[in-house]
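> Return atomic coordinates for the entry below.
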Amino acid sequence: MSFLHNFITPYSDNGAQIKMVSRGNSPTADAYLSPLIRQYVRSLGSGFKGGLEIVASKLLFMQSDGGLCVWENILGLRAILSGPAGGVIGCARSCWDPEEKTPVLGFDMGGTSTDISRFSGMYNHIFETKTAEVAIRTPQLIDTVAAGGSSILHWKNGLFAIGHDSAGAHPGPVCYRKGGPLTVTDTNLFLGRLQPAYFPSIFRPNEDEPLDSDSTARAFKELTAKINSEEGMNMTSEEVANGFLRVANESMSRPIRSLTEGRGIWASQHVLATFGGAGGQHAYLTNEIQRPRSEQLSQLTATQLQQEFQALGNQQEPDDPQTGRILGLRQRFRQIHHERFGITLDRDILVEDIRIGALVNAKKSVESIRLFTTSAWRDVCLFKLEDLATGDKVIGPSSILNQTQTIFVQVGWSAILLPRYLILQKNGIANAAGSLSGVVAAKLDIVDPTQLSIFGHRFMSVAEQMGRLLQLTSVSLNIKERLDYSCAIFSPNGGSVGNAPHIPCHPGAMSYALAYQVEKYGNTPRPGDVIVPNHPAAGCSHLLDVTVISPVIDEVTNEVRFWTTSRAHHADIGGIAAGSMPPHSKEIWQEGASFLSFKIVNGRVFDEDGLAEIMLRKPATYPGCTGTRTWSNNVNDLKAQIAVFYRSISQNTASQPSRQKFMAAIQDNAEKVVRSLLRKVHDQFQGLPLKAEDYMDDGSVLKLKIKINRECGSTAFDFTSREVYGNLNAPHAITFSAIIYTILPAGTILSPSLGAAIVGGNVETSQRVTGLVLCVFQAAAASQGTCYNLTFGYGDEIVDGKAVPGFGYYETIAGGAGAGPN
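Numbers count the residues shown, from 1 in each chain. Reported below is the predicted structural model:
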């Protein structure tokens with residue numbers, strides 16, 4: 001349908017583009033959308049005297065790229081985000097100063113979507129995006145990053161989550177009185193940032209009732225009870241709502257970093273232009289500054305604290321900063337700790353950072369409202385925008401509203417009214433998430449689910465930026481276009497704490513690769529060292545997937561702070577066939593270059609000659625084999641993989657104690673979730689053993705049996721198979737990436753011997769293992785169970801002692817998935 005539509009659709013140039021996959025998706029989407037657009041245009045034209053033909057070129061439509069076109073040429077594909085594109089044009093024209101030339105980030109948060117854009121004297125176009133889970137390729141000005149005020153709040157797996165799923169306008173949030181779920185809008189209402197008295201009374205059948213604050217409060221009370229029951233905590237409803245608010249802002253900050261820091265541009269060097277009905281309540285939280293201080297409270301004297309407060313106070317704008325009390329902090333902390341957790345521990349307190357808030361005389365308001373900020377309800381000033389004059393300054397915390405929106409001014413921020421704008425600015429170093437005079441302390445054995453959720457987002461954001469940089473700096477089609485790569489960060493002990501949504505089988509397998517190198521090198525790597533393995537015995541998959549591992553080392557203590565890894569599929573790595581995917585290989589040397597551990601960067605020096613030895617010269621010594629046929633691409637892609645290591649350092653700015661604490665907490669939370677799932681499965685099947693079997697194309701049998709121990713929430717995946725004299729053997733790490741606990745006797749098809757061929761096991765057997773696991777849990781029917789592979793090319797030649805590059809290409813062709821329960 002897509003190709004036929006692409007052929008017959010007028011003014012369609014979708015076919016005249018590179019990238020076959022997205023080129024096919026785009027006209028498919030257009031085939032659905034354009035008929036609806038044309039129906040709308042005809043309906044609109046019927047209202048003109050004489051019809052659309054009389055109007056002719058006077059009727060223009062906005063497109064997603066910000067341009068205009070006559071009504072005859074409007075396409076559904078190019079109109080998907082035409083509305084927000086108009087906002088970008090307005091933002092650029094009103095907020096860009098051609099003299100100062102400060103780039104502008106547009107942040108458009110409405111009721112059903114949140115969109116970001118960037119203008120730096122020219123419009124930044126995005127050419128390939130995913131909208132409603134459909135990948136399309138068409139120029140557009142904005143990136144939709146969330147569902148806006150209608151984003152649904154989720155509590156799952158011990159974490160706060162704000163989904164892309166939306167309650168929409170119907171049923172809408174709980175407060176809309178239509179039986180909807182809790183959303184970001186409910187959070188702002190519950191915390192006092194939205195005032196029902198100033199919100200239109202348009203609800204219920206007669207459209208004459210206000211927002212339903214009581215239902216929202218009850219819903220948060222029920223959710224809080226559930227969280228406290230599951231986590232054994234004593235959180236208040238306000239703390240839960242405020243936690244969701246902080247996580248919402250952190251999740252919206254990730255795509256902003258992608259649009260800026262993902263392109264090598266610091267977000268802090270931009271003006272943030274906020275519009276949309278909900279934008280004014282959230283924009284201030286996308287920029288954070290803090291003063292870390294990792295020290296035991298007992299080691300800090302009153303004089304030291306006073307000096308810290310004074311230093312921060314000098315950076316505040318108010319003339320009379322008041323630092324509050326600095327005595328009795330230990331007693332006050334223990335009192336709050338006992339109130340919240342019900343126990344008092346006789347242990348020292350770790351001071352993570354010191355924050356200060358300023359008390360000033362604000363412009364006098366006509367009334368005040370009750371509003372929850374950070375940790376307590378307080379009376380704050382309420383201003384009407386029309387009552388303010390140009391030059392008036394409103395000090396936070398306060399609320400400003402007009403006919404269309406409510407703007408919340410946080411503690412440590414102020415709002416200044418200019419003739420055409422309302423500017424929010426930080427007063428000093430007050431933390432964007434809200435400031436309290438005094439010391440913000442935390443015990444290392446208490447994990448706040450809000451902070452855990454935020455750190456989860458931040459670790460994932462680091463991996464996302466690593467992946468974005470790898471795509472931009474790589475040269476091969478496999479990485480730049482096919483996106484066959486993954487990036488992740490690991491804790492000092494090698495546990496996974498953050499990975500981007502790249503290739504599913506990579507992250508689990510990479511932990512095996514990292515474990516091998518940690519055991520081999522221990523604490524001997526120096527700052528800047530980079531290790532490269534690709535052999536399945538070293539925890540890798542097939543030889544084409546080259547893993548780059550880099551320890552981030554504290555140069556003072558010489559301890560590993562965290563590990564970064566990237567795994568990318570190289571188009572060719574030598575062997576008997578182009579693409580290094582021979583269909584009939586029997587030994588692993590036939591599949592190309594293999595290396596258990598190679599220091600590609602040693603003492604900050606890139607070892608290109610050593611790399612040539614293991615990728616070019618050594619593979620060519622085997623019968624019928626050549627070295628890599630894509631040497632230049634291999635080198636450049638490996639350098640790109642190394643570059644992401646430095647990006648991870650610049651992005652991971654949390655203090656060492658906080659980072660270590662939440663890296664461990666994320667792993668603990670993952671373990672708890674898996675154990676809970678296994679107990680549910682045990683109960684679902686009355687504790688009976690679960691069995692399944694499948695057959696490979698060569699007749700090899702795969703059998704799986706699991707028996708769940710409900711008491712401790714654990715199980716072993718007991719596979720029965722045999723090693724084959726062929727390449728359908730799946731590396732241990734690939735099997736591990738499909739499951740968690742395995743019983744894999746050596747010399748089987750799922751744990752082959754050192755020299756066994758494995759190239760087919762990575763793409764074929766891995767799918768059967770995944771299908772077998774889904775089958776044994778009765779989670780899904782069998783998929784097609786294979787991954788078609790297309791390879792072609794020719795080998796290197798040695799002419800006059802020099803390698804003449806060859807060519808190799810490899811492509812995977814996906815198939816269908818099995819049906820699920822719904």
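> Report pLDDT for residue 799.
The model reports residue 799 with a pLDDT of 62.
> go on, residue 12?
46.
> Check residue 318 too.
pLDDT, residue 318: 39.
> try residue 127
78.
> Quickly list what residue 274 is bridged to.
Beta-bridge partners recorded for residue 274 (DSSP bridges): residue 107.
> Surely it touches residue 107?
Yes - the pair residue 274 / residue 107 is scored as a contact, 4.8 Å apart, by C-beta atoms under 8 Å. The C-beta positions use only the backbone N, C-alpha and C, and glycine is treated the same way.
> Next, count neighbours for the closest residue to residue 230 other than its chain neighbours.
In space, and not counting its chain neighbours, residue 230 is closest to residue 158: 7.3 Å by C-beta to C-beta, 6 or more residues apart in numbering. Using other C-beta atoms under 10 Å, residue 158 has 20 neighbouring residues.
> How about residue 753?
12.
> how close does it get to residue 202?
As for residue 753, its distance to residue 202 is 71 Å (criterion: C-beta to C-beta, to the nearest Å).
> Could you do residue 778 as well?
On the measure of C-beta to C-beta, residue 778 and residue 202 end up 47 Å apart.
> ditto for residue 137
In terms of C-beta to C-beta, residue 137 sits 40 Å off from residue 202.
> In terms of packing, which of these two has more residues around it?
residue 137 (20 against 12).
> Which pLDDT value belongs to the more buried one?
Confidence score, pLDDT, at residue 137: 78.
> Partner strands of the helix or strand in which it is found, with direction?
Under the criterion DSSP states H and E, the helix or strand holding residue 137 is strand 134-140. As defined by DSSP bridges, the strand partners of strand 134-140 come to strand 126-131 (antiparallel).
> next one: the strand it pairs with to chain centre, how far?
With C-alpha atoms, centre = their mean, to the nearest Å as the basis, strand 126-131 stands 16 Å off its chain's centre.
> Can you check which helix is longest in this protein?
helix 656-684 (DSSP state H).
> buried set for it?
By 16 or more other C-beta atoms under 10 Å, the buried positions in helix 656-684 come out as 658-667, 669-670, 674, 678-679, 681-682.
> ditto for stretch 26-42
Neighbour-count burial for stretch 26-42 [16+ other C-beta under 10 Å]: 26-31, 33-34, 37, 41.
> Same question for stretch 195-203.
Going by 16+ other C-beta under 10 Å, stretch 195-203 has these buried residues: 195, 203.
> average pLDDT for that stretch?
86.
> Other residues contacting that stretch?
176-178, 189, 207-213, 369, 382, 399, 401, 406 (C-beta atoms under 8 Å, 6 or more residues apart in numbering).
> redo that, cut-off 10 Å
172, 175-178, 189, 207-213, 369-371, 382, 384, 399, 401-403, 406 (C-beta atoms under 10 Å, 6 or more residues apart in numbering).
> Could you turn the buried ones of those residues into a ChimeraX selection?
In ChimeraX, a selection of the buried entries from those looks like this (16+ other C-beta under 10 Å):
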select :172,175,176,177,189,210,211,212,213,369,371,382,399,401,402,406
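> List the ones among the contacts of stretch 195-203 that fall in helices.
189, 213.
> which stretch of helix or strand covers residue 116?
strand 114-119.
> Show me what that strand is packed against.
Packing partners of strand 114-119 (3 or more C-beta pairs under 10 Å, 6 or more residues apart in numbering; DSSP states H and E): helix 82-95, strand 104-109, strand 143-146, helix 237-259, strand 271-275.
> what about stretch 180-198, how long is it end to end?
Using C-alpha to C-alpha, to the nearest Å, one end of stretch 180-198 lies 22 Å from the other.
> Surely residue 161 is in a strand?
Yes - looking at residue 161 with DSSP: H, G, I helix; E, B strand; the rest coil, it is inside a strand.
> Just the helices from the stretch 601-750 of the chain, written as ranges.
608-612, 631-651, 656-684, 732-738 (DSSP state H, counting those that start in this stretch).
> residues contacting residue 106?
Per C-beta under 10 Å, 6+ apart, neighbours of residue 106: 84, 87-92, 95, 115-119, 141-142, 259, 270-276, 279.
> Buried by neighbour count, from these: which ones?
Looking at the contacts of residue 106 with 16+ other C-beta under 10 Å, the buried ones turn out to be 84, 87-89, 91-92, 95, 115-119, 141-142, 259, 270, 272-276, 279.
> Can you tell me the element residue 770 falls in?
Short version, using DSSP H and E: residue 770 is in helix 766-776.
> I'd like the mean pLDDT over that helix, please.
Helix 766-776 comes out at a mean pLDDT of 83.
> Give me the buried positions along the next helix or strand after that helix.
Sequence-wise, the next helix or strand downstream of helix 766-776 (DSSP H and E) is strand 788-794. Neighbour-count burial for strand 788-794 flags 789, 791, 793 (criterion: 16+ other C-beta under 10 Å).
> got any ranges where the stretch 101-250 of the chain has weak pLDDT?
131-133, 146-147, 163 (pLDDT under 70).
> if we can go back for a sec, of the contacts of stretch 195-203, which belong to strands?
369-371, 382, 384, 399, 401, 406 (DSSP state E).
> Need these in TSV (columns: pLDDT).
Putting the ones in strands among the contacts of stretch 195-203 into TSV (pLDDT from 0 to 100) gives the following:
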residue	pLDDT
369	86
370	87
371	85
382	88
384	86
399	88
401	84
406	84
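> Tell me the one among the residues you listed nearest to residue 66.
The shortest gap between residue 66 and any of these belongs to residue 406, at 28.7 Å (C-beta to C-beta).
> Distance check, the closest one against residue 462.
Applying C-beta to C-beta to residue 406 and residue 462 gives a distance of 33 Å.
> Provide a list of residues in contact with the closest residue to residue 748 other than its chain neighbours.
Excluding the flanking residues, the one nearest residue 748 by C-beta to C-beta, 6+ apart is residue 721, at 4.7 Å. Neighbour list for residue 721: 693, 696, 700-704, 729-730, 735, 744-745, 747-751, 765, 769 [criterion: C-beta under 10 Å, 6+ apart].
> Verify the contact between residue 619 and residue 627 for me.
Yes - counting by C-beta atoms under 10 Å, a contact exists between residue 619 and residue 627, whose distance comes to 4.8 Å.
> intersection of neighbour lists for those two?
By C-beta under 10 Å, 6+ apart, the residues touching both residue 619 and residue 627 are 573-575, 592-593, 796.
> Most neighbours among these, which one is it?
residue 574 (34 neighbours).
> Ramachandran angles for that residue?
Torsion angles at residue 574 (phi, psi; degrees, to the nearest 10) stand at phi 100, psi -160.
> Look up how far residue 665 lies from residue 233.
Taken as C-beta to C-beta, the span from residue 233 to residue 665 is 14 Å.
> Kindly report the same for residue 593.
On the measure of C-beta to C-beta, residue 593 and residue 665 end up 40 Å apart.
> Take the contacts of residue 721 and, keeping just the buried ones, write it as a ChimeraX select command.
In ChimeraX, a selection of the buried entries from the contacts of residue 721 looks like this (16+ other C-beta under 10 Å):
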select :696,700,702,704,729,730,735,744,748,749,750,751,765,769
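> Name the nearest residue to residue 418, ignoring sequence neighbours.
Nearest one to residue 418, counting by C-beta to C-beta, 6+ apart, is residue 390 at 6.4 Å.
> can you check residue 233 too?
Per C-beta to C-beta, 6+ apart, closest to residue 233 is residue 227, 6.9 Å.
> Residue 420 too?
That would be residue 94: by C-beta to C-beta, 6+ apart, it lies 6.8 Å from residue 420.
> My understanding was that the one you found contacts residue 421; is that so?
Yes - assessed by C-beta under 10 Å, residue 94 is found in contact with residue 421 at 7.8 Å.
> Please identify every residue contacting each of the two.
The contact lists of residue 94 and residue 421 share residue 273, where a contact means C-beta under 10 Å, 6+ apart.
> Validate this expectation: residue 165 resides in a strand.
Yes - looking at residue 165 with three-state DSSP, it is inside a strand.
> Give the bridge partners for the residue lying closest to it once chain neighbours are set aside, please.
Distances taken as C-beta to C-beta, 6+ apart place residue 152 nearest to residue 165, at 5.2 Å, with adjacent residues excluded. Beta bridges link residue 152 to residue 183 when assigned by DSSP bridges.
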